[in-house]
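**Student:** Sharing a model that was predicted from the sequence below.
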Amino acid sequence: MYPFSFTKVSDTREAVNAGRDGGRYIAGGTTLVDLMRETVERPGALVDISDLPLRQIAVTGRGGLRIGALVRMADAAAHSRVRATYPVISQALELSASAQLRNMATIGGNIMQRTRCTYFRDVTAACNKREPGSGCAAREGYNRTHAILGTSTDCVATHPSDVAVAFAALEASVHLLGPDGARSIPFADFLLRPGSTPNREQALRKGELITAVEIPA
């Protein structure tokens, strides 16, 4: 693992300022820490956002549900309103990873996780997602678990989140806070198709922080 600085923040504005300066957000760390160990990712600065007040699940004025970005996967799956009104979310979350990981991983981290493609995680292999312009070893290699639809000549990797499919089907939106203020975007537009820039996976602007996912009634 390469050297990095570590900062713990206590409010969202402080987090956004740190993110604008190049810091990578981390909470549960169930994906990012693995990628750092494997040297797939080498962030120079980590910003611990685990103390931010983003752990609420609340009914919206329009009858939908707003799930804070730092709600644990296990807590979201077990929430009575989620189970009763949006069972597909509970089912998708309970199919994900192990109970130990679900107790650590957050909703925001889940939709930000990166592909499980073997070539992406092997730093000796060609991967346009990891190193733009290097090629895609999966196209001519072992690709049984890779994508059929939505691919490009540069990438055939799949997104590993189960609950992302549920959010897209339910027409959820992602709430963001960044240097230019707050905004929300449809979940279907949040995750990007690979196209010619598979290294850009989410429609995030520099320094933006996920604050919640909102599901309509």
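**Tutor:** That came in fine, so what should we check first?
**Student:** can we go C-alpha only for contacts and neighbour counts from here?
**Tutor:** Fine.
**Student:** Tell me which stretches of the protein form helices.
**Tutor:** 12-20, 32-37, 73-78, 80-85, 87-94, 99-102, 107-112, 118-121, 162-169, 187-190 (DSSP state H).
**Student:** contact partners of the third one?
**Tutor:** This means helix 73-78. 57, 67, 82-83, 89-91, 93-94, 99, 102-107 (CA atoms under 8 Å, 6 or more residues apart in numbering).
**Student:** run the last query once more with 7 Å
**Tutor:** 82-83, 89-90, 93-94, 102-103, 105-107 (CA atoms under 7 Å, 6 or more residues apart in numbering).
**Student:** pLDDT on it, on average?
**Tutor:** Here helix 73-78 scores 98 as its mean pLDDT.
**Student:** The longest one now?
**Tutor:** Model confidence over helix 12-20, given as mean pLDDT, is 95.
**Student:** One more: stretch 48-62?
**Tutor:** 96.
**Student:** List the buried residues of it.
**Tutor:** Buried positions in stretch 48-62, judged by neighbour count with 16 or more other CA atoms under 10 Å: 48-50, 52, 54-55, 57, 59.
**Student:** what's the first-to-last distance across that stretch?
**Tutor:** 32 Å (CA to CA, to the nearest Å).
**Student:** Quick check, central residue of the chain?
**Tutor:** Met112 (1.1 Å; CA atoms, centre = their mean).
**Student:** ok, it - contacts?
**Tutor:** No contacts exist for Met112 under CA under 7 Å, 6+ apart.
**Student:** pLDDT score assigned to it?
**Tutor:** On the pLDDT scale, Met112 gets 97.
**Student:** which of the contacts of helix 73-78 count as buried?
**Tutor:** 82, 89-90, 93-94, 102, 105-107.
**Student:** Same list (the contacts of helix 73-78) but as JSON lines, adding distance to Thr7 and pLDDT.
**Tutor:** Formatted as JSON lines, these follow (distance: CA to CA, whole Å; pLDDT from 0 to 100):
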{"residue": "Val82", "distance to Thr7": "33", "pLDDT": "98"}
{"residue": "Arg83", "distance to Thr7": "36", "pLDDT": "97"}
{"residue": "Ile89", "distance to Thr7": "32", "pLDDT": "98"}
{"residue": "Ser90", "distance to Thr7": "33", "pLDDT": "98"}
{"residue": "Leu93", "distance to Thr7": "29", "pLDDT": "97"}
{"residue": "Glu94", "distance to Thr7": "32", "pLDDT": "96"}
{"residue": "Arg102", "distance to Thr7": "24", "pLDDT": "95"}
{"residue": "Asn103", "distance to Thr7": "23", "pLDDT": "96"}
{"residue": "Ala105", "distance to Thr7": "19", "pLDDT": "97"}
{"residue": "Thr106", "distance to Thr7": "19", "pLDDT": "98"}
{"residue": "Ile107", "distance to Thr7": "21", "pLDDT": "98"}
